[in-house]
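Asker: turn this into a structure:
(one chain, ligands or ions: 1)
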Amino acid sequence: MPSQPSDRRTGQPALGNVVPFPLGATLVLNVVASVALVSLWLLARSGATSSSVATDPICRMSVDTSAPAATRHVHGVDYYFCSPRCAERFDERGASGVGDPAGDTMGSV
Ligand SMILES: [Zn+2]
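Answerer: Numbering: from 1, shown residues only. Have a look, this model is predicted:
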């Protein structure tokens, strides 16, 4: 339980235009606000990324599989790329070169 800042809720007259909620109502309002925020956040998340996210095998970026910049289908496996450039690199290497983490994808520009 977080410590309640009880001294701020003991009815200080400085906040004249703020309606002095009882502690219970404030708690309920906090819970309601939290639930609303979380549900909004979940709604935004589900709306933006309703599908799964794949990893670009070239640059290791996360790619939304519902709207990838480029895709390749090799040996029954779907690969998603953040950009056509990564797909071109994938074409150059072939699917066998994807699993090699020693690639100089970051250094060679
Ligand atoms: Zn990429």
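Asker: please, where are all the strands along this protein?
Answerer: Under the criterion DSSP state E, the chain contains strands at 53-55, 62-64, 70-74, 77-81.
Asker: in a markdown table, list the ones you listed along with mean neighbour count, distance to the ion and mean pLDDT.
Answerer: C-beta coordinates here come from the backbone N, C-alpha and C atoms, glycine included. Converted to a markdown table, those look like this (neighbours: other Cβ atoms under 10 Å; distance: least, Cβ to the ion, whole Å; pLDDT from 0 to 100):
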| stretch | mean neighbour count | distance to the ion | mean pLDDT |
| --- | --- | --- | --- |
| strand 53-55 | 14 | 9 | 93 |
| strand 62-64 | 17 | 7 | 94 |
| strand 70-74 | 14 | 9 | 93 |
| strand 77-81 | 18 | 5 | 93 |
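Asker: distance to residue 33 added to the ones you listed, as TSV?
Answerer: Converted to TSV, the strands of the chain look like this (distance: least, Cβ to Cβ, whole Å):
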stretch	distance to residue 33
strand 53-55	29
strand 62-64	30
strand 70-74	42
strand 77-81	37
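Asker: any idea how far residue 28 is from residue 22?
Answerer: Separation of residue 22 from residue 28 (Cβ to Cβ, to the nearest Å): 10 Å.
Asker: what about these two, which has more around it?
Answerer: Ranked by neighbour count (other Cβ atoms under 10 Å), residue 22 and residue 28 place residue 28 first, with 12 against 9.
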